[in-house]
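Asker: The following comprises the amino acid sequence and a computationally predicted model.
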Amino acid sequence: MNKTISVSQIKEAAQEAYEQFKDNTGGKNADYIPYLANIDKNLFGISICLLDGKIITLGDSSYRFGIESVSKVHTAILALRQYGAEKVLKMIGADATGLPFNSIMAILLENDHPSTPLVNAGAITACSMVQPVGNSDKKWEAIVSNITDLCGSAPQLIDELYKSETATNFNNRSIAWLLKNYNRIYDDPDMSLDLYTRQCSLGITAEQLSIAAATVANNGVNPVTKKPVFDASLSPKITSLVATVGFYERTGDWLYTSGIPAKTGVGGGVMGIMPGHFGISAFAPPLDSSGNSVKAQLAIKYIMNKLGISIFGSTRFTITD
Ligand SMILES: NC(=O)CC[C@H](N)C(=O)O
């Protein structure tokens with residue numbers, strides 16, 4: 001079956017989602033990172049970037065929030081760019097853990113690899129892999145420049161968040177050293193952890209994340225800047241990683257109800273990839289018990305269901321003006 005979806009239908013669905021959920025009071029801000037606990041819980045933004053570069057935005061789509069775990073996708077892309085798909089599979093893995101994002105148990109259960117670059121363990125490993133190994137400043141430059149390429153504009157470090165997270169990241173310190181024990185850290189463990197903590201503290205907007213997602217959906221070419229960021233062959237690898245573990249232990253429920261691979265962060269951001277069609281992002285700070293934004297989930301699910309599309313469906317569709 002084929003159908004066409006107009007840009008105005010997408011706008012309408014996004015507007016309805018915004019109106020319907022803007023006053024929702026479910027969930028609560030992350031409080032294990034002090035900075036996040038104090039962010040205005042009423043902030044809510046949605047952004048959709050189409051592959052011709054058109055962007056549909058609603059609400060607080062240009063508010064800079066902590067990217068947190070959504071950055072794991074970006075740095076996984078950097079590792080894929082620098083090492084290729086096969087090595088990333090060998091050195092990190094591409095499997096779901098079925099456990100929370102910061103699980104130490106997951107590492108103990110799978111001591112042959114850290115499972116996936118999209119949980120804390122694999123993301124710290126990915127930071128350890130970023131080249132040039134051994135040079136923290138240059139690695140940081142590579143991480144930021146990769147995010148800038150994907151988003152089409154630079155992220156900005158939220159210094160207060162970085163300090164707040166560095167002062168409280170005891171669980172992640174254990175993860176870094178446990179990975180070292182299993183030879184799954186490929187640079188200095190403390191430096192790798194610091195890079196991970198810093199990338200999580202980058203400020204990003206929903207609009208920027210929707211452009212990054214659209215770059216993945218567009219075979220590695222940024223649809224706004226038109227810059228080729230990564231090889232087209234990596235796109236399905238990235239989307240598969242996101243589909244497998246984007247919502248951690250709730251990933252199956254998410255895919256079943258929304259039909260779109262997406263990655264969340266405890267800053268309240270969600271970034272979804274609809275291959276060949278668009279990137280979508282929503283942001284709202286209050287989270288459910290797995291650390292996923294309540295309103296962002298509701299909004300993206302609503303839009304997908306209203307448009308009647310799913311990555312798993314056999315209905316083909318074209319987006320028209
Ligand atoms: N799920 C997340 O967004 C977690 C990111 C956070 N920086 C942490 O490591 O705990």
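Answerer: Done, it's in. Residues are numbered from 1 along each chain as shown.

Asker: List the buried residues of the lowest-mean-pLDDT helix or strand in the chain.
Answerer: Taking mean pLDDT, DSSP states H and E as the measure, the chain has helix 105-109 as its least confident helix or strand, at a mean of 90. By neighbour count on 16 or more other C-beta atoms under 10 Å, the buried set for helix 105-109 is 106-107. Using the backbone N, CA and C atoms, a C-beta is placed for each residue, glycine as well.

Asker: Check stretch 98-107 too.
Answerer: Residues 99-104, 106-107 are the ones in stretch 98-107 that count as buried (16+ other C-beta under 10 Å).

Asker: again with stretch 193-210
Answerer: Here stretch 193-210 shows 193-210 as buried, counting by 16+ other C-beta under 10 Å.

Asker: State the helix or strand in which Gly134 lies.
Answerer: Assigned by DSSP states H and E, Gly134 falls within no helix or strand.

Asker: give the contact list for the nearest residue to it once chain neighbours are set aside.
Answerer: Spatially, and ignoring its direct neighbours in sequence, Gly134 is nearest to Asp187 (6.4 Å; C-beta to C-beta, 6 or more residues apart in numbering). Counting by C-beta atoms under 8 Å, 6 or more residues apart in numbering, Asp187 touches 127-130, 133-134, 139.

Asker: Farthest-apart pair in these, please.
Answerer: By the measure C-beta to C-beta, Cys127 and Gly134 form the most distant pair in the contacts of Asp187, at 13.0 Å.

Asker: Tell me which of the two has more neighbours.
Answerer: The neighbour comparison of Cys127 against Gly134 (other C-beta atoms under 10 Å) goes to Cys127, with 30 against 10.

Asker: circling back: buried subset of the contacts of Asp187 as a ChimeraX selection?
Answerer: Only the buried entries of the contacts of Asp187 go into this ChimeraX selection, using 16+ other C-beta under 10 Å:
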select :127,128,129,130,139
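
Asker: Is any residue of the very next helix or strand once past the least confident helix or strand of the chain near the ligand?
Answerer: Proceeding N to C from helix 105-109, the next assigned helix or strand is helix 120-129, under DSSP H and E. Yes: remark: helix 120-129 sits within contact range of the ligand at Asn120, by C-beta under 6 Å from any ligand atom.

Asker: Against the ligand, which of the buried residues of stretch 98-107 make the cut? List them.
Answerer: Okay, of the buried residues of stretch 98-107 touching the ligand (C-beta under 6 Å from any ligand atom), that's 101-102.

Asker: and stretch 125-135, what's its mean pLDDT?
Answerer: For stretch 125-135, mean pLDDT is 98.

Asker: Show me how far that stretch is from its chain's centre.
Answerer: From the chain centre to the centre of stretch 125-135 is a distance of 20 Å (C-alpha atoms, centre = their mean, to the nearest Å).

Asker: Any idea how far apart the tips of that stretch sit?
Answerer: Its first and final residues considered, stretch 125-135 spans 15 Å by C-alpha to C-alpha, to the nearest Å.
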